[in-house]
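Colleague: Here is a sequence together with a model predicted from it:
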Amino acid sequence: PHWCTEEMLASGHWDGVCPYIFEGPDAGKYRHPHIAYAALEVYLANMAMPDKCATTWLQNNPWFLAEDRVTTDTPFPVMTND
């Protein structure tokens, strides 16, 4: 889960920009475990079906860089401590 301050939650903004780690020495850090899972998935798919699955995520999803692709990006907000 993402950990947001009460002020952030009350703003109505998407909580996906809040850090995964809220307390302790790593507070405020944003982890991306889904990238490791995607890499593992691509590796295993290539090992099982090398004739169908390439060695990189982008080779398997070339449409991702298409100029006419509708993005789902969310701009990161300006922080008070920036």
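Modeller: Looks like it arrived, so ask away.
Colleague: Going along the chain, name the helices of this protein.
Modeller: Applying DSSP state H to the chain gives helices spanning 6-11, 33-48, 57-60.
Colleague: can you put those helices in a markdown table and add mean pLDDT and mean neighbour count?
Modeller: Any C-beta I mention is one placed from the backbone N, CA and C, and that applies to glycine too. Conversion of the helices of the chain to a markdown table gives the following (pLDDT from 0 to 100; neighbours: other Cβ atoms under 10 Å):
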| stretch | mean pLDDT | mean neighbour count |
| --- | --- | --- |
| helix 6-11 | 84 | 10 |
| helix 33-48 | 92 | 12 |
| helix 57-60 | 92 | 13 |
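Colleague: Against E7, how distant is G24?
Modeller: Using Cβ to Cβ, to the nearest Å, G24 is found at 21 Å from E7.
Colleague: just W14 next, same as before
Modeller: Applying Cβ to Cβ, the value for W14 to E7 is 15 Å.
Colleague: swap in L40?
Modeller: L40 sits 37 Å away from E7, going by Cβ to Cβ.
Colleague: Tell me which of the helices of the chain sits nearest to T72.
Modeller: helix 33-48 (13.9 Å; Cβ to Cβ).
Colleague: any idea which residue sits dead centre in the chain?
Modeller: Nearest to the geometric centre of the chain sits H32, at 5.6 Å (Cα atoms, centre = their mean).
Colleague: Against A38, how distant is that residue?
Modeller: Remark: distance between H32 and A38 (Cβ to Cβ) = 10 Å.
Colleague: cool, and D68?
Modeller: Counting by Cβ to Cβ - D68 and A38 are separated by 23 Å.
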